[in-house]
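Peer 1: predicted coordinates and the sequence they were generated for:
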Amino acid sequence: MILTFNVKHNRDFTDELKKARQVAEYAVRTHTLSSKDVKHFGLKSVIANQILRKYSRNKKIKNVGHVNLTIPNQGIRVDREKQEIYIPSLKLTLPYSFRNDFEKVNQIEVDEQYAHVSVTIPEKPVIQPQTWLGVDRNATGHIAVVANPQTGKVWKLGKKAMHIHMKYREIRRKLQKLRKYRLLKRIKDRESRIIMDLNHKVSRKIVEIAKKDNAGIKLEDLSGIRNNKKHTKSFSYGLNSWSFHQLEKFIEYKAKLEGVPLTYVEPKNTSKECSRCGSIGIREAKSFKCPSCGHVDHADANASFNIALRPPSVGGVGQLHVDRDACKGSTDTPDREGQLRERRRPRNSVMGSRKTRLIVRSDAEISVKARTSEASAEESMSVVIHSKGAGHPSKARTVN
Ligand SMILES: [Zn+2]
């Protein structure tokens, strides 16, 4: 699997980025593949070559949006002991703190603020699960409740989320009233980062449990979540749907790396049915009671048992949401990507002590630009995994 880690480089590459754009524009006009032709722009040939390849070969590109500096594997030195990457052509040293078990650095894309370091991480072979864990995701209460029907054990994870959300909601309201919009944006970003960290922790824990219990993971298929009555109401005062989506992506890629199978089940009535006898029970806040068999349980735990016991929905095991996304060809096009990058441009770096963001890519060179939310999360991130061969390669090429 290819993961992309975004590392802040703390350098001013305005000049080089300008040259890169000029080279790209030249490439679109002339379709040349020779770096000699663009020598006069003064960009290092190792980088110019990459830009020419992208822009000269693709005859469909008419307008050049934002252009990054792309450095191929051959132009990158890695010192694993020091945990440093060196790019000779830019005289740039990048200390990294992400996982050191990557096979190789495929390439690095440099923009104003970040170096997007794309590395190949070995995937473990898929295990044959003895059982399935059900994972119930929630907008209120715990982010996720996990149940193993084989052992009867329940894990409630991510309790802090609601607390964080409430705290920040209050701050956001105040800032809104005071019309302090810049500050409001920073606060939203901060909240997104905290929730992201939490989602990382929760997803890691879920995959850990699955490995330990020799289990696969079942999640509800919440792809239609925004129109889903079960959740629209709770979202109005609970976590946003992007957080759900993010957690899902994190679980998916972490499971994939560890060889834990994952599948989706039909979400209908998972919180209403009794996990013991199947009749419709009574749910009040977080408690569940079954009038038929007398079963009493924590409502989310009951739901997670239901999820664990359901058969996989359409597509069966291994049909991940992201595969479907990839088939829709929802990957980059130059113009769209240009716009996104415009919006994503750094607004000074006041708001980040966190250095590394993470994006997951596929084996199939598909770039990711999953947006995490409608409103807030320009800076927060999300993950898309594509399986090998998913999507159309020509659509999947990264152009920026
Ligand atoms: Zn019952």
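Peer 2: Yep, it's here. Numbers count the residues shown, from 1 in each chain.
Peer 1: for the stretch 251-400 of the chain, what lies in contact range of the ion?
Peer 2: When proximity is defined as C-beta under 5 Å from the ion, the stretch 251-400 of the chain approaches the ion at 274, 276-277, 290, 292-293, 295. The way it works is simple: take the backbone N, C-alpha and C, and place the C-beta from them, glycine included.
Peer 1: who's in contact with residue 287?
Peer 2: 296-299 (C-beta atoms under 8 Å, 6 or more residues apart in numbering).
Peer 1: re earlier: counting neighbours, which of the residues of the stretch 251-400 of the chain next to the ion end up buried?
Peer 2: 274, 276, 290, 295 (16 or more other C-beta atoms under 10 Å).
Peer 1: how about a markdown table for the residues of the stretch 251-400 of the chain next to the ion, with pLDDT and secondary structure added?
Peer 2: Formatted as a markdown table, these follow (pLDDT from 0 to 100; DSSP: H, G, I helix; E, B strand; the rest coil):
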| residue | pLDDT | secondary structure |
| --- | --- | --- |
| 274 | 97 | coil |
| 276 | 95 | coil |
| 277 | 95 | coil |
| 290 | 96 | coil |
| 292 | 96 | coil |
| 293 | 96 | coil |
| 295 | 96 | coil |
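Peer 1: where along the stretch 1-150 of the chain do the helices fall?
Peer 2: Secondary structure of the stretch 1-150 of the chain (DSSP state H, counting those that start in this stretch): helices located at 14-30, 45-57.
Peer 1: including distance to residue 103 and mean pLDDT, could the ones you listed go into a markdown table?
Peer 2: Formatted as a markdown table, these follow (distance: least, C-beta to C-beta, whole Å; pLDDT from 0 to 100):
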| stretch | distance to residue 103 | mean pLDDT |
| --- | --- | --- |
| helix 14-30 | 28 | 95 |
| helix 45-57 | 21 | 93 |
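Peer 1: looking at the ones you listed, which is buried most?
Peer 2: Most buried of the helices of the stretch 1-150 of the chain, by mean neighbour count (mean count of other C-beta atoms under 10 Å): helix 45-57, with a mean of 21.
Peer 1: angle of it against helix 14-30?
Peer 2: 40 degrees (axes from the mean of the first three to the mean of the last three C-alpha atoms, to 10 degrees).
Peer 1: need the contact partners of helix 45-57.
Peer 2: By C-beta under 8 Å, 6+ apart, helix 45-57 touches 16, 20, 23-24, 27-28, 30-35, 38-39, 41, 43, 61, 64, 67, 69-72, 74-75, 89-90, 107, 397-399.
Peer 1: filter the residues you listed down to the buried ones, ChimeraX style.
Peer 2: Applying 16+ other C-beta under 10 Å to the contacts of helix 45-57, the buried members can be selected in ChimeraX as follows:
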select :16,20,23,24,27,28,35,38,41,43,61,64,67,69,70,71,75,89,90,107,397,398,399
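Peer 1: among the contacts of helix 45-57, which ones are in strands?
Peer 2: Among those, the members found in strands (DSSP state E) are 69-72, 107.
Peer 1: quick revisit: pick out the most distant pair among the buried ones among the residues of the stretch 251-400 of the chain next to the ion.
Peer 2: Comparing all pairs in these by C-beta to C-beta, the longest separation belongs to 276 and 290, at 6.7 Å.
Peer 1: name the next helix or strand downstream of the top helix by length along the chain, please.
Peer 2: Ranked by number of residues, the top helix in the chain under DSSP state H is helix 181-212. Per DSSP states H and E, the first helix or strand lying C-terminal to helix 181-212 is strand 215-220.
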